[in-house]
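J.: kindly return the folded structure for what I paste below:
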Amino acid sequence: MKVSTKGRYALRMMIDLAKQQKGDSFVPLRDIADRQGIEIKYLEQIVSLLKKSGLIQGVRGNSGGYRLTRDPAQYTVREILQVTEGNLAPVACLDNPANPCPRREGCPTLAFWEDFSQCIGDFLEKRTLQDFLS
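T.: As a prediction, the model looks like this:
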């Protein structure tokens, strides 16, 4: 599994929001882009995905920007990456839970890939935004 630039930037943006957000305040996207060294146009694409999934909230206007919708400890790295990466399965046959592969029954490596996928999922599920704040 290879995490794309979009996934890495989404995680950096969420960590930045967690660090910068004070109470119910909103953090301007321009400020995030400047701190993270990411093009604002690219962050706008990521913001759209994060908003649609309910992970962040946005407000337009003079005091607008973005903020988390939950406490940082309630966001797992897994859920953030799934928004930008989709399925995090390490091999194509695990993309679909029904696994329609005709070789499934006799596949000597399927159990290995399932275990590997579970390890990745468990690892990403244990890490929260809060872990990056200390």
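J.: for this protein, just list every one of the strands.
T.: 56-59, 65-68 (DSSP state E).
J.: looking at those, which is buried most?
T.: strand 65-68 (a mean of 20; mean count of other C-beta atoms under 10 Å). C-beta here means a position set from N, CA and C on the backbone, and glycine is covered the same way.
J.: mind putting the strands of the chain into CSV with mean pLDDT and distance to D115?
T.: Formatted as CSV, those follow (pLDDT from 0 to 100; distance: least, C-beta to C-beta, whole Å):
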stretch, mean pLDDT, distance to D115
strand 56-59, 95, 33
strand 65-68, 96, 33
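J.: and of those strands, who's closest to I32?
T.: Taking C-beta to C-beta, strand 65-68 is the member of those nearest to I32, at 7.6 Å.
J.: spatially central, which residue of this protein would that be?
T.: Centroid-nearest residue in the chain: I80, 1.8 Å away (criterion: C-alpha atoms, centre = their mean).
J.: quick one: that one from F132, how far?
T.: 11 Å (C-beta to C-beta, to the nearest Å).
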